[in-house]
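Engineer: Requesting a structural model of the entry that follows:
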Amino acid sequence: MKPNVLQLIGSFHMGGSERQAVQLVRLLEKRRDDCKVFVASLNNEGVLRKEIEELGFTEIPEYKLTSFYDANFVRQLRRFARYLRENEIHVLQTSDFYTNVFGMLAGRLAKTPVRIAAKRETGTRTAAQSFLERRAFRFADAIVANAEAVKTHLIETGVPREKIRVVYNGLDTERLKPAETDRKKIRESFGLPTDEKIRFVTILANLRSEVKNHRMFLRAAKIVRENFPDAAFVSAGEGELSGAMKDLARELKIAESVYFTGRCERVAELLSVSDICVLSSRTEGFSNSILEYMAAGKPVVATNVGGAAEAVVENKTGFLVASDDHEKMAGRILELLRDEEKAHRFGFQAKRIVEEKFSLAAQTAKTLSLYEELLGKTGKMHGLMMEKTA
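Structural biologist: Here you go, the predicted model:
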């Protein structure tokens with residue numbers, strides 16, 4: 001007998017947590033001999049839903065919330081708990097703040113044998129939200145952190161060390177092989193100049209929150225542009241801060257060399273024509289963008305926050321700088337622009353590290369091992385995994 005595992009996803013919009021949750025569904029679906037996968041969400045909207053439907057999940061239960069403190073929350077909680085009981089879910093796994101709070105409460109109500117929460121960031125929640133999430137963590141058998149830095153943050157906030165498991169984000173390197181290889185066509189498709197003299201410095205980050213700190217990126221870009229006229233800058237991501245960042249680029253007098261592409265669904269192609277990749281976040285858990293940069297063989301300049309230092313090897317695959325130190329960031333970008341051999345060497349080493357340390361196989365193995373460990377600890381599911389291997 002194999003366990004029924006439900007993945008509760010916040011939405012199917014193009015965010016880091018959402019992409020990781022969808023990827024985990026895909027990985028577990030490939031291991032049907034090990035578990036049967038169910039999917040539910042708080043919001044069925046978003047471009048990533050197509051990927052889930054292609055896996056065969058066409059009817060996805062949805063539990064829309066308007067607040068944690070109204071009658072609708074109680075109704076949805078009861079609906080979800082009933083679904084968990086009726087489908088005999090053995091493992092419930094959540095993926096972000098909202099699914100943690102909702103899912104852990106529903107799992108407790110349904111008496112789901114194993115409940116696994118997630119933590120992917122170190123400092124983006126209000127005090128009230130952090131308090132609520134910590135309360136929800138009490139109902140979790142384990143909390144998956146995607147970096148040692150996140151684990152440390154959880155311990156510092158009072159979460160028991162023994163509950164926390166570090167499972168790094170896996171990266172599907174096959175999905176980062178560009179379908180189009182003609183550099184001129186790729187540049188044209190993104191509205192970028194085709195002159196091969198121009199070197200592109202790229203940031204992949206949504207424009208929904210000041211946490212991503214695009215202001216730092218743009219201020220660094222101004223210094224780089226003044227010292228390296230052939231540099232241009234690409235900001236790939238959507239969000240309500242897009243207008244403000246375009247205004248800032250104009251204020252800094254670099255608007256003609258900064259390209260805002262909006263939501264990017266062809267990451268592989270964009271990275272293939274980029275020379276240096278940047279992340280300027282004030283806080284992070286473990287950045288998917290950094291892994292994508294490295295898998296594409298690009299040198300990285302990133303702020304030393306969250307799990308960045310667990311991926312970027314200083315002066316070997318890239319450089320780490322302090323948050324908000326745009327002058328240091330500009331200096332490191334210039335160093336790589338002026339030394340192409342170093343930039344290529346860093347990119348080569350980065351790609352090798354991703355393949356060795358952040359593989360999908362490692363993520364899948366650790367996830368299934370966690371299920372087996374926790375199921376083995378619950379008397380209600382005694383022998384389930386043993387029956388599978390007997």
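Engineer: What is the end-to-end distance of stretch 222-234?
Structural biologist: Length of stretch 222-234, first residue to last, Cα to Cα, to the nearest Å: 13 Å.
Engineer: Ok, stretch 169-180 next?
Structural biologist: Across stretch 169-180, first to last residue, Cα to Cα, it's 26 Å.
Engineer: ok, and what's touching it?
Structural biologist: For stretch 169-180, contacts defined as Cβ atoms under 8 Å, 6 or more residues apart in numbering pick out 20, 23, 27, 146, 186, 189, 266-269, 271-272, 286, 288, 291-292, 295-296, 354-355, 358-364. C-beta: built from backbone N, CA, C; applies to glycine.
Engineer: Now the buried members of those residues.
Structural biologist: Buried by 16 or more other Cβ atoms under 10 Å: 20, 23, 27, 146, 186, 266-269, 271-272, 286, 288, 291-292, 295-296, 354, 358-360, 363-364, out of those.
Engineer: Among the residues you listed, name the ones in helices.
Structural biologist: Among these, the members found in helices (DSSP state H) are 20, 23, 27, 186, 267-269, 271-272, 288, 291-292, 295, 354, 360, 363-364.
Engineer: where in the stretch 201-350 of the chain is pLDDT low?
Structural biologist: Along the stretch 201-350 of the chain, segments meeting pLDDT under 70 are nowhere present.
Engineer: As a check, name the ranges of all strands in it.
Structural biologist: 231-236, 258-262, 276-279, 300-303, 318-321 (DSSP state E, counting those that start in this stretch).
Engineer: now those strands as TSV including distance to residue 335?
Structural biologist: TSV is the format used below for the strands of the stretch 201-350 of the chain (distance: least, Cβ to Cβ, whole Å):
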stretch	distance to residue 335
strand 231-236	13
strand 258-262	21
strand 276-279	10
strand 300-303	9
strand 318-321	8
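Engineer: got those as CSV, with mean neighbour count and distance to residue 45 columns?
Structural biologist: Listed next are the strands of the stretch 201-350 of the chain as CSV, based on neighbours: other Cβ atoms under 10 Å; distance: least, Cβ to Cβ, whole Å:
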stretch, mean neighbour count, distance to residue 45
strand 231-236, 24, 21
strand 258-262, 18, 18
strand 276-279, 28, 27
strand 300-303, 27, 31
strand 318-321, 24, 35
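Engineer: Let's verify residue 143: helix, strand, or coil?
Structural biologist: Classification of residue 143 using DSSP: H, G, I helix; E, B strand; the rest coil returns strand.
Engineer: if I pick it, what's in contact with it?
Structural biologist: Counting by Cβ under 8 Å, 6+ apart, residue 143 has contacts 116-119, 137, 154, 159, 163-165.
Engineer: In ChimeraX, how would I select just the buried ones from the residues you listed?
Structural biologist: To isolate the buried ones among the contacts of residue 143 in ChimeraX, judged by 16+ other Cβ under 10 Å, type:
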select :116,117,118,119,137,154,159,163,164,165
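Engineer: Switch the contacts of residue 143 over to a markdown table; also include distance to residue 258 and secondary structure.
Structural biologist: Shown next, in a markdown table, are the contacts of residue 143 (distance: Cβ to Cβ, whole Å; DSSP: H, G, I helix; E, B strand; the rest coil):
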| residue | distance to residue 258 | secondary structure |
| --- | --- | --- |
| 116 | 41 | strand |
| 117 | 39 | strand |
| 118 | 34 | strand |
| 119 | 33 | strand |
| 137 | 41 | helix |
| 154 | 37 | helix |
| 159 | 40 | coil |
| 163 | 44 | helix |
| 164 | 40 | strand |
| 165 | 40 | strand |
